[in-house]
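Trainee: quick one, fold the following:
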Amino acid sequence: MLLASCAILGMAAGPASAATTIPYTLVDNRIVIECRLDGQGPFAMILDTGSPSIAVTPETAHRLAVIVHSAGTVTGAGNDAAQNGSAKIAALSIGDLTFRNLDADVLDLTEIRTKLHFPRLDGIIGYPVLEHFATFVDVDDMTIAFDRQAPAVPSNATTTHFSGVLPEIHGVVDGVAGKIVVDTGDRSSLTLFGPFAKHYGFFGRYPSKENIVTGYGLGGPVYGDVFTLPSLDVFGTRLANVVTRASRQTGGVFASDADSASIGMGVLKRFNIVYDYPHQSIIAWPSTHFATPDVFVPPGS
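Mentor: As a prediction, the model looks like this:
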């Protein structure tokens with residue numbers, strides 16, 4: 001969840017083409033794809049279900065020679081608010097898809113790029129693109145398919161309905177029911193939001209690494225207690241021994257009581273997943289990583 005609390009500045013015009021499939025890479029446990037902006041590129045962008053908007057860096061905006069207007073501040077995973085700008089992108093192309101006349105945030109992602117060792121990081125792709133598609137993240141093939149229709153899925157696939165611009169599902173965290181954001185922009189397996197973790201006594205419940213830096217987001221480093229959670233129920237599946245961070249943040253999205261937790265790529269890559277936004281459903285089945293033991297990887301390792 002690199003970008004969480006800004007307003008959606010504008011919706012992408014629907015692409016003329018109906019589908020495309022592209023490769024992706026994982027950097028710091030985040031999905032990175034290549035795209036073209038205003039005919040230039042390629043640019044490296046994080047595909048982030050936890051972002052309500054599209055964003056580019058100031059360097060990218062300068063390269064595109066677009067006018068940037070001040071747009072106040074936004075919050076993300078860090079404690080502090082970050083300066084935000086706004087710009088108009090004439091065209092965004094992903095594979096065979098092209099979106100036109102996009103409003104984009106302009107955000108400094110330097111700390112995330114340098115601290116987490118991204119070779120390149122030019123922006124974020126969020127809801128204004130995802131809302132049009134059943135987006136299939138094929139972990140086994142390391143590809144992403146954007147299509148108007150969901151693909152054929154195996155018989156062991158489960159369907160979970162979600163609500164909201166940022167997909168929110170019901171799950172069970174070690175026996176406690178809660179609202180969970182499905183967030184490909186979260187590097188961790190499971191993040192418990194601070195108020196939820198405090199209310200249900202997760203701080204100190206299990207042997208923990210206490211109040212350590214667990215990542216970086218907009219607004220700075222993300223602090224939390226890291227421990228192994230015995231059980232997490234999501235996508236019709238019970239996962240055991242999930243590496244979890246209970247947020248120690250005093251500001252930003254993880255200090256909110258609006259949601260209980262977010263699941264990030266540490267859990268999500270255990271599944272092949274179709275994010276079907278038009279039908280507000282998530283279709284998931286085990287990937288080849290499903291049984292891989294979960295371990296904590298310090299940010300930037």
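
Trainee: the lowest-mean-pLDDT helix or strand in the chain: which residues count as buried?
Mentor: Lowest on mean pLDDT, DSSP states H and E among the helices and strands of the chain sits strand 69-74, with a mean of 87. Residues of strand 69-74 classed as buried: 71, 74 (neighbour count, 16 or more other CB atoms under 10 Å). Bear in mind the C-beta positions are built from the backbone N, C-alpha and C, glycine included.

Trainee: tell me which strands that strand pairs with, and in which orientation.
Mentor: Using DSSP bridges, the strands paired with strand 69-74 are strand 82-94 (antiparallel).

Trainee: so what strands line up beside the following helix or strand past the strand it pairs with?
Mentor: Going down the chain from strand 82-94, the next helix or strand is strand 97-106, by DSSP states H and E. Strand 97-106 has the following sheet partners, assigned by DSSP bridges: strand 55-56 (parallel), strand 82-94 (antiparallel).

Trainee: whichever helix or strand comes after the shortest one packs against which elements?
Mentor: Elements were assigned by DSSP H and E; along the chain past strand 55-56, the next helix or strand is helix 58-64. Under the contact criterion of 3 or more CB pairs under 8 Å, 6 or more residues apart in numbering; DSSP states H and E, helix 58-64 touches strand 40-47, strand 82-94.

Trainee: as a markdown table, those strands with distance to residue 26 and mean pLDDT would be great.
Mentor: A markdown table is the format used below for the helices and strands packed on helix 58-64 (distance: least, CB to CB, whole Å; pLDDT from 0 to 100):
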| stretch | distance to residue 26 | mean pLDDT |
| --- | --- | --- |
| strand 40-47 | 11 | 97 |
| strand 82-94 | 18 | 94 |
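
Trainee: for residue 217, find the nearest of the ones you listed.
Mentor: strand 82-94 (9.1 Å; CB to CB).

Trainee: for the closest one, list the C-alpha coordinates in PDB.
Mentor: Provided in PDB are the C-alpha atoms of strand 82-94 (Å, rounded to 0.1, in the frame of the first residue of the first chain):
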ATOM      1  CA  ALA A  82       4.000  13.400   1.700                       C
ATOM      2  CA  GLN A  83       3.800  16.200  -0.800                       C
ATOM      3  CA  ASN A  84       1.600  15.500  -3.800                       C
ATOM      4  CA  GLY A  85       1.300  16.900  -7.200                       C
ATOM      5  CA  SER A  86      -1.100  16.400 -10.100                       C
ATOM      6  CA  ALA A  87      -0.500  16.100 -13.800                       C
ATOM      7  CA  LYS A  88      -2.300  15.000 -16.900                       C
ATOM      8  CA  ILE A  89      -1.000  12.000 -18.800                       C
ATOM      9  CA  ALA A  90      -2.200  11.800 -22.400                       C
ATOM     10  CA  ALA A  91      -1.700   8.100 -22.900                       C
ATOM     11  CA  LEU A  92      -0.700   5.100 -20.800                       C
ATOM     12  CA  SER A  93       0.100   1.900 -22.700                       C
ATOM     13  CA  ILE A  94       0.400  -1.600 -21.000                       C
END
